[in-house]
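Chemist: Here is a sequence with its predicted model. Questions after.
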Amino acid sequence: MFQELVAIQREIYLAFADRIGEFAKTGDWTLLAAYLPMGILFGAVHALTPGHSKAVLAAYLTGSTASLPRALLVSLVLSITHVTISVVIALLSLPLVSVALGSVGRAPALENISRGLLGLIGLWMVWQAFRGSGYHGAHESSLVGLTAGLIPCPLTLFVMTFAITRAVPHAGVAFAATMMLGVALTLSVVALGAVFLRQQVVRPLETRPQVVDAVTRSIQLLAGLVLVVVAWNEIVLQ
């Protein structure tokens with residue numbers, strides 16, 4: 001399955017590279033615009049591969065009280081940040097890239113900041129579980145999406161770098177925007193699935209509020225611990 005996803009991405013990327021080359025020569029937006037919708041498929045397929053904070057997103061939403069609309073908000077903020085940070089890094093050119101990027105397609109400094117903040121959010125969730133407060137406001141949900149999205153998207157960096165080397169960075173930005181829609185689509189499915197799963201667990205117990213409270217606290221505690229362990233492993237044991 002993974003190899004098939006990689007193959008699909010490769011075909012789309014190579015086709016896009018051809019369009020970028022033609023666009024750089026002619027400046028004809030119709031050549032590029034006709035292919036831009038493929039960026040949605042590109043982003044959706046890419047988000048299915050390992051990474052993109054899907055596990056973090058699912059863990060947080062499973063352990064929170066976020067509604068379906070708020071779950072969509074988290075996934076959207078995560079997607080926008082994930083792609084935009086890559087575009088910004090590429091556009092700021094080599095001085096920032098040489099400082100922020102330790103290897104091609106990675107930004108260790110931003111990754112460690114992201115994981116550290118996610119660890120703090122995990123500790124907050126653990127504290128809330130013991131305190132008995134399961135409410136998660138819109139600001140907290142947005143913060144989770146923003147924090148998890150700080151890890152740049154490698155393929156967006158590649159796309160932007162390729163477009164910049166052809167002197168058409170605006171074409172890379174356009175394709176990145178459509179990629180972001182595809183990433184958001186996949187992450188939204190993950191987010192809705194996590195909320196639906198939590199609701200299915202809690203719903204049969206609605207007539208027993210004390211049991212619901214205990215189950216909710218347990219899920220929140222487990223989700224918080226997962227975030228803490230993931231952050232610890234990625235930062236300390238990498």
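Modeler: Happy to help now that I have it. All values reported here derive from a predicted model rather than from experimental measurement.

Chemist: following the helix or strand where residue 142 lies, which helix or strand comes up?
Modeler: Using DSSP states H and E, residue 142 maps to helix 138-148. Using DSSP H and E, the helix or strand that follows helix 138-148 towards the C-terminus is helix 154-165.

Chemist: So for the helix or strand just after that following helix, what gets flagged as buried?
Modeler: Next helix or strand after helix 154-165 toward the C-terminus (DSSP H and E): helix 169-202. When neighbours are counted by 16 or more other Cβ atoms under 10 Å, the buried residues of helix 169-202 are found to be 169, 171-188, 190-191, 194-195, 198. For glycine as for every other residue, the C-beta is placed from the backbone atoms N, C-alpha and C.

Chemist: same thing with stretch 220-238?
Modeler: Residues of stretch 220-238 classed as buried by neighbour count (16+ other Cβ under 10 Å): 220-221, 223-228, 230-231, 234-235.

Chemist: where in this structure is pLDDT low?
Modeler: 1-2, 51-52, 93-111, 113-114, 132-138, 204-213, 215-216, 234, 236-238 (pLDDT under 70).

Chemist: quick one, strands of it?
Modeler: Here the chain has no strands by DSSP state E.

Chemist: how about the CA coordinates for stretch 77-95, as PDB?
Modeler: Provided in PDB are the C-alpha atoms of stretch 77-95 (Å, rounded to 0.1, in the frame of the first residue of the first chain):
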ATOM      1  CA  VAL A  77      -5.300  24.700  11.200                       C
ATOM      2  CA  LEU A  78      -2.900  21.800  11.200                       C
ATOM      3  CA  SER A  79      -3.000  21.500   7.400                       C
ATOM      4  CA  ILE A  80      -2.600  25.200   6.700                       C
ATOM      5  CA  THR A  81       0.400  25.500   9.100                       C
ATOM      6  CA  HIS A  82       2.000  22.300   7.800                       C
ATOM      7  CA  VAL A  83       2.100  23.500   4.200                       C
ATOM      8  CA  THR A  84       2.500  27.200   4.800                       C
ATOM      9  CA  ILE A  85       5.600  26.800   7.000                       C
ATOM     10  CA  SER A  86       7.200  24.900   4.200                       C
ATOM     11  CA  VAL A  87       6.400  27.600   1.700                       C
ATOM     12  CA  VAL A  88       7.700  30.300   4.000                       C
ATOM     13  CA  ILE A  89      11.000  28.400   4.600                       C
ATOM     14  CA  ALA A  90      11.500  28.000   0.900                       C
ATOM     15  CA  LEU A  91      10.600  31.600   0.000                       C
ATOM     16  CA  LEU A  92      13.000  33.000   2.700                       C
ATOM     17  CA  SER A  93      15.700  31.200   0.700                       C
ATOM     18  CA  LEU A  94      19.000  29.800   1.600                       C
ATOM     19  CA  PRO A  95      20.000  31.900   4.700                       C
END
